[in-house]
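*Asks:* Here is the input, now give the coordinates:
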Amino acid sequence: MGSRNPGLASRWHATSFRVRYQETDQMGVVYHANYLSWFESGRTEMFRGLGFAYRTLENMGVLLPVTAADLQFKSPARYDDLVAVYARLTTFSALRVVYEYEIRRLAEPETGEPDSSALTAGPVYLDKLPGELLVAGSTSHVWLNMDWKPVRLDRILPELFYAITLALREEGGAV
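*Replies:* Residues are numbered from 1 along each chain as shown. Model prediction:
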């Protein structure tokens, strides 16, 4: 048990919000570094959706820092756009975790008011994600102890490792 097979991933989890003015630059588009912050929101909510909070992990003595990030920009987000961050695990093992993300602009009706069906939170049970793809990317993470030393999660917190594995299986992802 440990690493996921390439090409198999957990279910997408979504969180949506409006782009705030402070997140844009002089050109009126979202400043590129903000997408990393949105990735963090996506993975935090995805993990919470599985029943685990990052704060709880830290209280248990493990950290999960970013070791690599990759972003591909397709189209800019702009002030007041309704966007969704979709996140899913593509790798979960005793040593590392890899998340995949898509940030998409959601459609709104002509009234200018958000379509309540477009506001998304939680697991996504669709074959195709809604909205226009703006940014795709991934982040890699490694399990560390509080001394910033790499650890095997299955050895230092086996109950947590197996609980996450079980949650991923139950939500439909292959481990």
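*Asks:* and the gap between R20 and D80?
*Replies:* 9 Å (C-beta to C-beta, to the nearest Å). All C-beta atoms are positioned from the backbone trio N, CA, C, and that covers glycine.
*Asks:* go on, P65?
*Replies:* 33 Å.
*Asks:* mind listing the helices for this structure?
*Replies:* Using DSSP state H, the helices of the chain run over residues 34-49, 54-59, 153-156, 158-170.
*Asks:* Need the winner for burial among the ones you listed.
*Replies:* helix 34-49 (a mean of 19; mean count of other C-beta atoms under 10 Å).
*Asks:* Name the surrounding residues that touch that helix.
*Replies:* 10, 13-15, 23, 53-54, 69, 71, 73, 83, 85-89, 99, 101, 103, 121-123, 135, 137, 139, 171 (C-beta atoms under 8 Å, 6 or more residues apart in numbering).
*Asks:* Can I get it in PDB, CA atoms only?
*Replies:* As requested, the backbone C-alpha atoms of helix 34-49 are provided in PDB (Å, rounded to 0.1, in the frame of the first residue of the first chain):
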ATOM      1  CA  ASN A  34      -2.300  34.600  -6.300                       C
ATOM      2  CA  TYR A  35      -3.000  31.400  -8.100                       C
ATOM      3  CA  LEU A  36      -0.600  29.600  -5.700                       C
ATOM      4  CA  SER A  37      -2.700  30.900  -2.800                       C
ATOM      5  CA  TRP A  38      -5.800  29.700  -4.500                       C
ATOM      6  CA  PHE A  39      -4.100  26.200  -4.900                       C
ATOM      7  CA  GLU A  40      -3.600  26.200  -1.100                       C
ATOM      8  CA  SER A  41      -7.300  27.000  -0.600                       C
ATOM      9  CA  GLY A  42      -8.200  24.200  -2.900                       C
ATOM     10  CA  ARG A  43      -6.000  21.600  -1.300                       C
ATOM     11  CA  THR A  44      -7.000  22.700   2.200                       C
ATOM     12  CA  GLU A  45     -10.700  22.400   1.500                       C
ATOM     13  CA  MET A  46     -10.100  19.100  -0.400                       C
ATOM     14  CA  PHE A  47      -8.300  17.600   2.600                       C
ATOM     15  CA  ARG A  48     -11.000  19.000   4.900                       C
ATOM     16  CA  GLY A  49     -13.600  17.300   2.700                       C
END
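*Asks:* Thanks again, I'm all set now.
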